[in-house]
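>>> need the 3D shape of this:
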Amino acid sequence: MPELPEVETIRRQLAPALHGKRISRLRVIDPKWGTPIAADELAALIEGRTFDGLDRRGKYLIFDLGDEVFLICHLRMTGNFLYDADPEVPYQRAVFELDGGHTLRFTDPRRFGTAEVILGGDALDEYFAGRLGIEPFSGALDGAALGTLASGKRTSIKAFLLDQRAVAGIGNIYADEALFRAEVHPMREAGRLQAAQYELLAQTIQDALQAGLDAGGATIDDFRHADGLYGSFQDEFLVHRRAGEPCPRCGTEVRKMVVAGRGTYVCERCQTRPRGASKRRGAAAASRSGQQP
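Down below sits the predicted model:
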């Protein structure tokens with residue numbers, strides 16, 4: 001699933017290309033994309049408008065269409081925005097035809113991506129207020145903030161990091177990478193870390209996300225840049241998807257287990273397993289999901 005670095009990579013590429021361009025036509029190929037608004041209604045709201053800006057919150061792209069009209073899009077698992085791509089590119093769900101003969105195509109093999117029109121800046125703020133927490137690079141993410149958000153929570157720290165209402169933009173890849181950098185086991189209770197651990201984890205979250213940004217995101221399955229090229233962060237993973245390989249820090253074999261319902265990668269020498277979280281439990285969870293621990 002595209003996470004903050006992948007979505008921000010797309011935003012940085014599209015923002016200058018789209019700025020000032022008028023949408024002459026919107027073809028909604030898959031009516032599910034803008035549900036519950038009907039395809040013709042969605043087109044009527046957008047056609048004739050000009051791209052004034054492109055922002056991001058968490059994993060959402062926010063297209064500013066002027067007059068406080070915003071189109072917010074979530075790529076979900078396999079969505080991509082491709083600029084001036086081959087007209088025959090597969091899995092197209094929507095096509096923006098722009099002045100000057102340019103196009104913006106939304107492709108999505110699994111059809112989970114969404115689009116929604118929001119009218120008014122206050123409505124936009126309200127939409128995100130209940131959905132997204134701290135932006136990692138906003139300056140608000142530090143150990144104190146992370147500790148406050150996690151206080152009293154008995155869920156695993158991995159599940160806590162995946163909750164977009166706490167810190168926005170983190171998904172499975174960057175949670176694994178941040179926890180490894182902080183030497184925190186993903187099964188640790190979120191509310192039981194030490195102050196120094198929260199401080200370190202706040203920093204490693206930003207470090208992992210920045211590394212992803214610097215590499216143009218990670219392409220594991222479908223993620224592509226706006227020009228169709230792939231990200232390269234998958235070549236720099238420290239533990240994610242490296243089960244059976246030696247830990248880059250200590251050489252111990254990296255293990256795969258299931259935590260918070262997600263395939264999770266960990267070095268259990270660097271990231272000490274908490275008491276009460278038995279290996280048997282991790283193996284059982286992996287077995288239920290059909291994956292190897």
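>>> what's the distance between residue 90 and residue 78?
Using CB to CB, to the nearest Å, we find residue 90 at a distance of 11 Å from residue 78. Just so you know, the C-beta spots here come from the backbone N, C-alpha and C atoms, and that holds for glycine as well.
>>> okay, the two: which has more neighbours?
Legend: neighbour count by other CB atoms under 10 Å for residue 90 and residue 78, higher for residue 78 (18 against 7).
>>> quick check: neighbours shared by residue 90 and residue 78?
Common neighbours of residue 90 and residue 78 (criterion: CB atoms under 8 Å, 6 or more residues apart in numbering): residue 109.
>>> so how many other residues sit close to the closest residue to residue 18 other than its chain neighbours?
Distances taken as CB to CB, 6 or more residues apart in numbering put residue 51 closest to residue 18, at 4.1 Å, once the chain neighbours are dropped. Residues near residue 51, counting by other CB under 10 Å, number 22.
>>> for residue 51, give its distance to residue 223.
Distance of residue 51 to residue 223, computed by CB to CB: 22 Å.
>>> now swap in residue 78 and tell me
8 Å.
>>> and what of residue 72?
Distance from residue 72 to residue 223, by CB to CB: 19 Å.
>>> what separation do you get for residue 30 and residue 141?
On the measure of CB to CB, residue 30 and residue 141 end up 36 Å apart.
>>> the two: which is more packed in?
It is residue 141, of residue 30 and residue 141, that has more neighbours when counted by other CB under 10 Å, with 21 against 16.
>>> so that one touches residue 204, yeah?
No - Residue 141 sits out of contact with residue 204 when judged by CB atoms under 8 Å, with a separation of 11.0 Å.
>>> OK, contacts around residue 18?
51, 54, 63, 83, 98, 104.
>>> typo on my end, residue 121
Contacts of residue 121 (CB under 8 Å, 6+ apart): residue 68.
>>> endpoint to endpoint, stretch 122-142 covers what distance?
Stretch 122-142 has its terminal residues 27 Å apart, counting by CA to CA, to the nearest Å.
>>> list of residues touching that stretch?
Outside stretch 122-142, the residues that touch it by CB under 8 Å, 6+ apart are 4, 57-58, 60, 62, 70, 72, 118, 145, 149, 163-170, 199, 202, 205-206, 209.
>>> buried residues in that stretch?
Under the neighbour-count criterion of 16 or more other CB atoms under 10 Å, stretch 122-142 has 124, 127, 128, 132, 133, 134, 135, 136, 141 buried.
>>> after the longest helix anywhere in the chain comes which helix or strand?
The residue-count maximum for a helix in the chain (DSSP state H) belongs to helix 195-214. Counting by DSSP states H and E, the next helix or strand C-terminal to helix 195-214 is strand 255-259.
>>> could you point out which element follows that following strand?
Going down the chain from strand 255-259, the next helix or strand is strand 262-266, by DSSP H and E.
>>> can you give the strand pairings for that following strand, parallel or anti for each?
strand 255-259 (antiparallel) (DSSP bridges).
>>> please save the CA atoms from the strand it pairs with in PDB.
Extracted in PDB, the C-alpha atoms of strand 255-259 (Å, rounded to 0.1, in the frame of the first residue of the first chain):
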ATOM      1  CA  ARG A 255      12.000 -13.400  11.400                       C
ATOM      2  CA  LYS A 256       8.600 -12.900  10.000                       C
ATOM      3  CA  MET A 257       5.500 -13.000  12.300                       C
ATOM      4  CA  VAL A 258       2.000 -11.600  12.300                       C
ATOM      5  CA  VAL A 259       1.400  -8.500  14.500                       C
END
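>>> quick check: phi and psi at residue 50.
Dihedral pair for residue 50: phi -120, psi 140, per degrees, to the nearest 10.
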